[in-house]
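Asks: Pasting the sequence and the predicted model now:
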Amino acid sequence: MSKPVIIGLTGSIGMGKSTVGAMFERLGVPVFDADAEVRVMQGPGGALLDAIVREFPGSTGPQGVDREKLGAMVFDDKEALARLEGIVHPAVAARRQAFLIEHAGAPVVVFDIPLLFEKGGNRQVDVVVVVSAPPEVQRARVLARPGMTPEKFGRILGLQMPDAEKRARADHVIDTSGPLEETGRAVADLVSRLGADR
C-alpha cells in the first residue's frame with residue numbers, strides 16, 4: 001500500500017496558516033496540528049503537566065499550563081527554552097507517529113508545524129507548503145490580536161525564519177492576502193494535484 005503524501009504546512013505568525021489548515025480539513029485531508037496537540041497535552045490532566053511542573057514550578061494552574069507564565073519563564077532564556085522543548089518535542093513526535101499510522105490509507109496528510117524549517121521538520125515531510133502574505137497585511141493581522149504589542153511582535157519575528165527565506169525554500173506558496181475563496185481554490189488545486197501524484 002502506498003503511503004500518504006506528507007505536506008508540511010508552515011508560515012510566519014499572522015500569515016493565515018490556521019485558516020489554510022482548516023481549508024485542508026474541509027477537503028477531507030487529515031491535519032496534524034502540532035500547536036493544538038501541545039495545548040491538549042498541557043491542558044487540565046494533560047500528559048506533559050507533571051514534567052513541566054517539575055521543571056518550571058509555578059507555571060501551571062487549574063487550567064493546566066499557564067501559557068503566559070511559562071512563556072515569561074522561557075521567552076528570553078535559551079537554556080530554559082531548550083529544557084521545555086526537551087519535554088514537549090518527543091511527546092509531539094510520538095503523537096505525530098500515531099497520527100500517521102491512523103491515516104496511513106489517506107492520499108494526502110498535513111503536518112501543521114509553525115517552526116517547520118527552524119526545527120528541521122522539513123526533513124520529515126514530502127512537500128513544504130508556505131502560507132504567506134505581504135508584511136503590511138501580516139502586521140495588521142498580528143497587531144489586531146488581544147494582548148499583542150509591536151515589541152512582542154518584533155520578538156516573535158526574531159525567532160522565526162524570514163518569510164522571504166521560507167518562500168524561497170517552499171515547494172508551494174499559498175498567498176492569503178486575497179479573498180478567502182481564492183485561497184480555498186489554491187488549496188483545493190494543490191490537494192488534487194498531490195493526490196494524483198501519489
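Replies: Thanks, I have the structure now.

Asks: tell me the average confidence for stretch 59-72?
Replies: The pLDDT scores in stretch 59-72 average 89.

Asks: so what's the nearest residue to Phe56 once chain neighbours are set aside up against?
Replies: Leaving aside its chain neighbours, Phe56 sits nearest to Met73 (5.4 Å; criterion: Cβ to Cβ, 6 or more residues apart in numbering). All C-beta atoms are positioned from the backbone trio N, CA, C, and that covers glycine. By Cβ atoms under 8 Å, 6 or more residues apart in numbering, Met73 lies in contact with Phe56, Ser59, Ala80.

Asks: Break the chain into its domains for me.
Replies: 1-30+108-198, 34-102 (automatic domain parsing).

Asks: ranking these by burial, who's on top?
Replies: Of all the domains of the chain, domain 1-30+108-198 has the most neighbours on average by mean count of other Cβ atoms under 10 Å, namely a mean of 17.

Asks: Gly14 is in contact with Arg141, correct?
Replies: Yes: between Arg141 and Gly14 a contact is recorded at 4.0 Å, counting by Cβ atoms under 8 Å.

Asks: Correct me if wrong, but Ile7 is in a helix.
Replies: No: according to DSSP: H, G, I helix; E, B strand; the rest coil, Ile7 belongs to no helix; its state is strand.

Asks: which non-adjacent residue is nearest it?
Replies: Ile7 sits nearest to Val110 (Cβ to Cβ, 6+ apart), 4.7 Å away.

Asks: ok, now Pro30?
Replies: Per Cβ to Cβ, 6+ apart, closest to Pro30 is His103, 4.3 Å.

Asks: Read off the pLDDT value for that neighbour.
Replies: At His103, the pLDDT recorded in the model is 96.

Asks: Kindly list the longest helix within this protein.
Replies: Ranked by residue count under DSSP state H, the longest helix found in the chain is helix 78-102.

Asks: and that one, what does it pack onto?
Replies: Packing partners of helix 78-102 (3 or more Cβ pairs under 8 Å, 6 or more residues apart in numbering; DSSP states H and E): strand 31-33, helix 34-42, helix 49-55, helix 67-74, strand 108-112.

Asks: and if we set it to 6 Å?
Replies: When contacts are defined as 3 or more Cβ pairs under 6 Å, 6 or more residues apart in numbering; DSSP states H and E, helix 78-102 packs onto helix 34-42, helix 67-74.
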